[in-house]
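> Got a sequence here, can you build the structure:
(2 chains)
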Number of protein chains: 2
Amino acid sequence: MRIMQAADYDGKRSVETGSLEQRAAVQSILAEVRQKGDEAVRAYTERFDRVRLERFRVSDEEYAEAEGLVSAEVKAALAEAAANIRDFHQRQVRQSWMAMRESGTLLGQIVRPLKRVGLYVPGGTAAYPSSVLMNALPAKIAGVPELVIVTPPGEDGKINPAILVAARIAGVTEMYKVGGAQAIAALTYGTEQIKPVDKIVGPGNIYVALAKREVFGLVSIDMVAGPSEIVVLADDSANPRYVAADLLSQAEHDPMSAAVLVTPSRALAEAVAAELARQLADLPRRAIAEAALRDFGAILLVKDLDEGFAAVNRLAPEHLEIMVENPFDQLGKVENAGAIFLGPYSSEPVGDYFAGTNHVIPTNGTARFSSPLSVDDFIKKSSVISYSKQDLREHGHKIITLAEQEGLRAHGAAIRERLIDFAKEEGERDQ
Amino acid sequence: MRIMQAADYDGKRSVETGSLEQRAAVQSILAEVRQKGDEAVRAYTERFDRVRLERFRVSDEEYAEAEGLVSAEVKAALAEAAANIRDFHQRQVRQSWMAMRESGTLLGQIVRPLKRVGLYVPGGTAAYPSSVLMNALPAKIAGVPELVIVTPPGEDGKINPAILVAARIAGVTEMYKVGGAQAIAALTYGTEQIKPVDKIVGPGNIYVALAKREVFGLVSIDMVAGPSEIVVLADDSANPRYVAADLLSQAEHDPMSAAVLVTPSRALAEAVAAELARQLADLPRRAIAEAALRDFGAILLVKDLDEGFAAVNRLAPEHLEIMVENPFDQLGKVENAGAIFLGPYSSEPVGDYFAGTNHVIPTNGTARFSSPLSVDDFIKKSSVISYSKQDLREHGHKIITLAEQEGLRAHGAAIRERLIDFAKEEGERDQ
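As a prediction, the model looks like this:
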């Protein structure tokens, strides 16, 4: 892998925004499903997934069949991962609160779960049961009562059994064999068989991403994920075998994945480069990892750790591993990173699968302004205002001043209607 | 105003999504500013705002001049409103947290402010100082160090002085006389005079809304606001003068505003209709309010309060006033509403200007899945994972199981590199 100066590495990859033809295709799918409902969903499923389905919903029999097709070992590991994810996300749950004043006024914030959420799960080789857990469990912990998966069926009309098993473990309440832009349309507008949702989350191909972008506002959507990345910040104390292995675990995802080492140590840089070559040889996904390392990978040499953190904060990586002596002492220097892995045993796959933190993390520099998926993504807040008579009497004229400064006389008049009555009451009392 | 059955009222208004010409115009403005920077911003400002500016940044002299143009009464009311807004939003601030296990593993969530936020403030008659406070103060409370306003200048190159005064009270750090899609472009890509931001908030016209939608993903944006609304749920105990005045305070905003009374009382319905006619007569913005009431206003008769709440939850209003006996007893029935005003003295303008809750609230039914603007909108979270050797030794093989089930061998290999060392250590110990 190329060794270079940090300042010379940009790391930005262009996010696929779709061609005009793709956008037009998505718009027409959305319009068709909106108008014709299941009939259109059925036609698109036949066309794109090459299977004709009368009913889209996954049956209890299909769940039962899937249970038999997944090994006990995988099921146990998924269940234990789910318990860890629940434990971590449980700590994110927020309470409604109220603040009371002596004047009698009460202000507060009510926190409630969304009512119905849709989760898109890709089909084929990108069907990851871990991703089902990571998207579904925060919604469950938030208290979402209706949690719906949509996912494209294979040509045999079936779904990857591990996805079904993970959905059951996560407490998904409904599952439909529909994929692509037609699935996003069904979740947004509703059809005869699929009720509309309040929010759609989960990864998908370019058609799914474009469709989500189109319906943004009609429903809530999560951030459209770009190619993912890892940055390892390491000093001489790091084990080059571990560093190389962790870089490869990201590089094998996608030819657009970025795996970057930032280090003040030329010795480490060279040792990691050698280890990468050695470990690559054995990888089944070697071609993908090699392309990713070649096109977007880099070893960035920096003067010291402070310059290293400056590079990290500029890149704002999805995953950041800090493999230096006393990593906790450095934690305060991280401004931008989705998930931060500290020390030699916090290998990125620990977070991908098992520790309990979420693996849906902002990519491609968006950790500057966004956050890993969490319980917060599945709640809504309402403000509560119970204003007292005493406060309105005391402050009403200020509200009128502000409203009239903005030329909004009816706003002032609404307050005045009350003040008139207060004045009348006082007049009566004085008599 | 028409009196009708709740089931017959839909309340949805189409959100302006822009013509193809408008979309194309916005895309070309974004591309120009991205390429040519200030030169393009200057040219668009000359074209759309009819003023040529060399420097866009508002100077200290301009702030000082504005101070002299705003009355002491308005300044004092703005300052007191700001104090109330700060107090309410301070209660939303969240702390970073860590959870430790006996095994030595530590998992946590770090909460940090965004670094740089842009706030769009409309010009002309829609320049509302209260809106500056409501958008800027949550960012300040979150700890955002750089808070930038962009707003279109008048033909004289100046800005509404009340906007400047509110910006100062709110602690805005920079202000630029740039509006329209060119302002969104400058905030997204940066120019010579304007550094790029991490997030853009604030209302704007259709060009601003389209530009925000285009740059979504490159920066974070707030939800695009639609026409606003109030629903008053009231029984016989409500004062029809208050109900009518509050409905009008919303109706005067915009001909697309919706003002709706939901009540089981025909007597109240008729009294409010009469009051509306009476109070409308005096309003300067009567034409707007009349159009809004005619086209989108309604008095919905319901069988009882439960049916009333069903209608409220279906409409998911931005503002909900509950004027019934013992309103707190009913609060749990509200599923969807942005801000909930309880009792006769919680007139909507109290929340618009003064109580301390935010007046940026989801509109047009989006309270189903989104929330009033809050401190949460200006922070980002990072996950922290410090996994212990003991835990990796105990659980490593489960992580390998999950990774290999998904065909991601390099993920498994990253764990295996550690397990090899653990086994070696144990072997050495046993000798």
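
> Might you list the low-confidence residue ranges for chain A?
Filtered on pLDDT under 70, chain A yields the residue ranges A:15-16, A:126.

> got a list of what the residue nearest the centre of it touches?
Within chain A, the residue whose C-alpha comes closest to the C-alpha centroid is A:Leu373; the distance, by Cα atoms, centre = their mean, is 3.9 Å. Neighbouring residues of A:Leu373 by Cβ atoms under 8 Å, 6 or more residues apart in numbering or on different chains: A:Met134, A:Asn135, A:Pro138, A:Val201, A:Asp222, A:Asn358, A:Val360, A:Ile361. Just so you know, the C-beta spots here come from the backbone N, C-alpha and C atoms, and that holds for glycine as well.

> Strands along the stretch 151-300 of chain A, start to end?
Counting by DSSP state E, counting those that start in this stretch, the stretch 151-300 of chain A has these strands, from start to end: A:174-176, A:199-201, A:220-221, A:229-234, A:258-263, A:298-301.

> can you check the stretch 1-150 of chain A too?
A:3-5, A:97-100, A:106-113, A:116-120, A:146-150.

> Is any residue of the lengthiest helix in chain A near chain B?
In chain A, ranked by residue count with DSSP state H as the criterion, the top helix is helix A:409-430. Yes. Residues of helix A:409-430 are located near chain B by Cβ under 8 Å from any Cβ of the partner chain, namely A:Arg409, A:Ala410, A:His411, A:Gly412, A:Ala413, A:Ala414, A:Ile415, A:Arg416, A:Glu417, A:Arg418.

> residues in contact with A:Met1?
Residues in contact with A:Met1, defined by Cβ under 8 Å, 6+ apart, are A:Leu261, A:Val272, A:Ala273, A:Leu276, A:Leu293, A:Arg294, A:Gly297, A:Ala298, A:Ile299.

> Just the buried ones out of those residues, please.
With neighbours counted using 16 or more other Cβ atoms under 10 Å in any protein chain shown, the contacts of A:Met1 contain these buried positions: A:Leu261, A:Val272, A:Ala273, A:Leu276, A:Leu293, A:Gly297, A:Ala298, A:Ile299.

> Relative to chain B, how far out is the first one?
In other words, A:Leu261. Counting by Cβ to the nearest Cβ, to the nearest Å, the separation of A:Leu261 from chain B is 14 Å.

> State whether that residue and A:Ala234 are indeed in contact, as I suppose.
Yes. A:Leu261 is in contact with A:Ala234 according to Cβ atoms under 8 Å; the separation is 6.5 Å.

> Mind listing the shared neighbours of these two?
Common neighbours of A:Leu261 and A:Ala234 (criterion: Cβ under 8 Å, 6+ apart): A:Val243, A:Leu268, A:Val272.

> Please flag which of these sit within helices.
Per DSSP H, helices hold the following members of the shared contacts of A:Leu261 and A:Ala234: A:Val243, A:Leu268, A:Val272.

> Adding distance to chain B as columns, could you present those in CSV?
Formatted as CSV, those follow (distance: Cβ to the nearest Cβ, whole Å):
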residue, distance to chain B
A:Val243, 10
A:Leu268, 16
A:Val272, 13
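
> Which one of those residues is nearest to A:Arg91?
Within those, the smallest distance to A:Arg91 is 30.3 Å, found for A:Val243 (Cβ to Cβ).

> what about the nearest residue to that closest one once chain neighbours are set aside, distance to A:Ala298?
Computed as Cβ to Cβ, 6 or more residues apart in numbering or on different chains, the closest residue to A:Val243 that is not its neighbour in sequence is A:Val272, at 4.9 Å. A:Val272 sits 11 Å away from A:Ala298, taking Cβ to Cβ, to the nearest Å as the criterion.

> Identify the contacts common to those two.
A:Met1, A:Leu261.

> Of the contacts of A:Leu373, which is the most crowded?
Counting neighbours by other Cβ atoms under 10 Å in any protein chain shown, A:Pro138 leads the contacts of A:Leu373 with 30 neighbours.

> Please report how far it lies from A:Ile420.
As defined by Cβ to Cβ, A:Pro138 lies at a distance of 50 Å from A:Ile420.
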